[in-house]
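Novice: Need a 3D model of the following:
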Amino acid sequence: MFEIIFTIVIVVYAIQSIIFVLGVQKEYPKIKEDELTSITVIVACRNEEKNILRCLTALDELEYPKDKLEIIIVDDNSTDQTGAIIDEFIVGKPKFNKIVTCKEIENLRGKTNALANGLEIAKGEIILTTDADCAVSKTWAKTIASYYTENVAVVNGFTPQENQDHFSGMQNLDFLYLLTVSAGTINFNTPLSCMGNNMSYRKSVYDEVGGYQNLPFSVTEDFNLLMAIHSLKKYKIIYPLDKESSVVSKPCTKISELYHQKKRWAVGGLKAPLMGFLVVATGFITHLMIILSFFFLSSTTIVLTFFKILIDYLLLLHVSQKLENQKSMKYFLTFEFYYLIYVALLPFAVLFNQNVHWKGRKY
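Specialist: This next block holds a predicted model:
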């Protein structure tokens, strides 16, 4: 009986993975470079003295028409040297504008409030967001903006992570897997998640949904906005797999930091639509069955487990090759073990405690 149930679960997992890959392979038309519109890049940062200079340097090297580019750095009341580093860097660089979060906009808190402060003064027709621990590629802005053909309201991009060892390598593959799920479902018009460290949207559509202040507060503000725009049922939301629009982020350096990151995403994901819960449930049940298979060991359960691992490998290999990030595949087995543990345990962590700790704040 166990083998039959395990077989059904793996088949469902395989079908789901095929759907993700088919979705992520979708290609989209682009406008010409001379048709690019004005953009505003917004980075909300808090206590990022170790990362902000790398982020600013990458933004300064963006290839984009100077008269159409604005970069707003929002210092969310940092208590370290983040603000001073920003001030020193942007001297003589008119495309940069630094503001400090000076007011709470209605019910907003934390990063969401910082972004809303930046959006109030943004002049660009397209808003691009990234994080202080990220370095954008030179072609990031113009590639993202080129996908804004008629009726496109949101364009997301991929964010691989730096990886030099097994701990960072498994996080990178985890990011690529989660982003493949996001892209695959979004490109089939069923948005389930996204990442604000490589997200963009039309300012007019942001205003149309009433801005962040018109949405219920969430610790995952990017997902909140994504679903609000999707609910309008009148615009296209796309997630192209394009190396030229990629952003490289830094991995967590501690297990505790990684735990809080995953928990924050999981708590934010509680507001996901039913399809999101079905995807999570499939992953949870699949990994739970693999753990239980050690008590029902047989040639069948071994074959099914290896088949599941092969599915993950082929999915990640495809995406990493497209992003020219295939060197990270050497950490695949570490990722697979880590993935097995956290997918099986995270739901219980969220079930019993939904408090979130992030950037020195509690939510």
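Novice: domain assignment for this structure?
Specialist: The chain is divided into the following domains under automatic domain parsing: 2-22+262-351, 30-250.
Novice: Using JSON lines, please lay out those domains together with mean neighbour count.
Specialist: Where C-beta positions appear, they are placed from N, C-alpha and C, glycine not excepted. Converted to JSON lines, these look like this (neighbours: other CB atoms under 10 Å):
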{"stretch": "domain 2-22+262-351", "mean neighbour count": "16"}
{"stretch": "domain 30-250", "mean neighbour count": "19"}
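Novice: Tell me which of those approaches Ser256 most closely.
Specialist: domain 2-22+262-351 (10.6 Å; CB to CB).
Novice: How far away from the center of its chain is the closest one?
Specialist: Distance of domain 2-22+262-351 from its chain centroid, counting by CA atoms, centre = their mean, to the nearest Å, is 18 Å.
Novice: ditto for stretch 132-145
Specialist: 14 Å.
Novice: Could I get the average pLDDT for it?
Specialist: Stretch 132-145 comes out with an average pLDDT of 96.
Novice: same question, stretch 53-62
Specialist: Stretch 53-62 carries an average pLDDT of 97.
Novice: likewise stretch 201-220?
Specialist: Stretch 201-220 comes out at a mean pLDDT of 88.
Novice: The helix or strand where Val154 lies pairs with which strands?
Specialist: For Val154, the host element (DSSP states H and E) is strand 152-156. Under the criterion DSSP bridges, strand 152-156 sits next to strand 199-202 (antiparallel), strand 236-238 (parallel) in its sheet.
Novice: Check what contacts that strand and list those residues.
Specialist: The contact list for strand 152-156 (CB atoms under 8 Å, 6 or more residues apart in numbering) reads 28, 144, 147-148, 182-183, 186, 194-195, 198-202, 205, 226, 229, 232, 235-240, 245.
Novice: Now do the strands in the stretch 51-200 of the chain.
Specialist: Secondary structure of the stretch 51-200 of the chain (DSSP state E, counting those that start in this stretch): strands at 69-75, 96-100, 126-131, 134-136, 152-156, 199-202.
Novice: For Thr286, which of the ones you listed is the nearest?
Specialist: The nearest among the strands of the stretch 51-200 of the chain, by CB to CB, is strand 152-156 at 25.6 Å.
Novice: That closest one to strand 126-131, inter-axis angle?
Specialist: 20 degrees (axes from the mean of the first three to the mean of the last three CA atoms, to 10 degrees).
Novice: Mind checking the pLDDT average for strand 152-156?
Specialist: 97.
Novice: can you check stretch 72-91 too?
Specialist: 95.
Novice: sorry, back to before: how far is the strand holding Val154 from where the chain is centred?
Specialist: The answer for strand 152-156 is 14 Å, by CA atoms, centre = their mean.
Novice: All the helices of the chain, residue numbers only.
Specialist: Using DSSP state H, the helices of the chain run over 2-24, 52-60, 82-90, 110-121, 140-146, 166-186, 203-208, 221-230, 255-268, 274-292, 299-322, 332-352.
Novice: where among the domains of the chain is the average confidence lowest?
Specialist: Note on the domains of the chain: lowest mean pLDDT is at domain 2-22+262-351, with a mean of 87.
Novice: so the strand holding Val154 versus helix 221-230, what angle?
Specialist: 150 degrees.
Novice: could you give the angle of strand 152-156 to helix 166-186?
Specialist: Interaxial angle, strand 152-156 versus helix 166-186 (the same axes, to 10 degrees): 160 degrees.
Novice: Could you check how far the residue lying closest to Leu173 once chain neighbours are set aside is from Glu257?
Specialist: Among residues not flanking Leu173 along the chain, Phe335 sits closest, at 4.0 Å (CB to CB, 6 or more residues apart in numbering). Phe335 is 18 Å from Glu257, where distance means CB to CB, to the nearest Å.
Novice: CSV for the strands paired with strand 152-156, including distance to Ile71?
Specialist: CSV is the format used below for these (distance: least, CB to CB, whole Å):
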stretch, distance to Ile71
strand 199-202, 14
strand 236-238, 24
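Novice: which one of those lies closest to Val343?
Specialist: Short answer: strand 199-202, nearest of those by CB to CB, at 24.2 Å.
Novice: List the residues that contact the residue nearest to Leu56 when sequence neighbours are not counted.
Specialist: Excluding the flanking residues, the one nearest Leu56 by CB to CB, 6+ apart is Phe89, at 4.8 Å. Shown in contact with Phe89 (CB under 8 Å, 6+ apart): 53, 56-57, 60, 96.
Novice: Please apply the same query to Lys30.
Specialist: With CB under 8 Å, 6+ apart, Lys30 has these contacts: 146-147, 149.
Novice: between these, which is closest to Gln213?
Specialist: Looking across the contacts of Lys30 and measuring by CB to CB, the closest to Gln213 is Tyr147, at 27.4 Å.
Novice: coming back round to it: in a markdown table, list the contacts of Phe89 along with distance to Ala116.
Specialist: Output for the contacts of Phe89, formatted as a markdown table (distance: CB to CB, whole Å):
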| residue | distance to Ala116 |
| --- | --- |
| Leu53 | 25 |
| Leu56 | 22 |
| Thr57 | 26 |
| Asp60 | 25 |
| Phe96 | 20 |
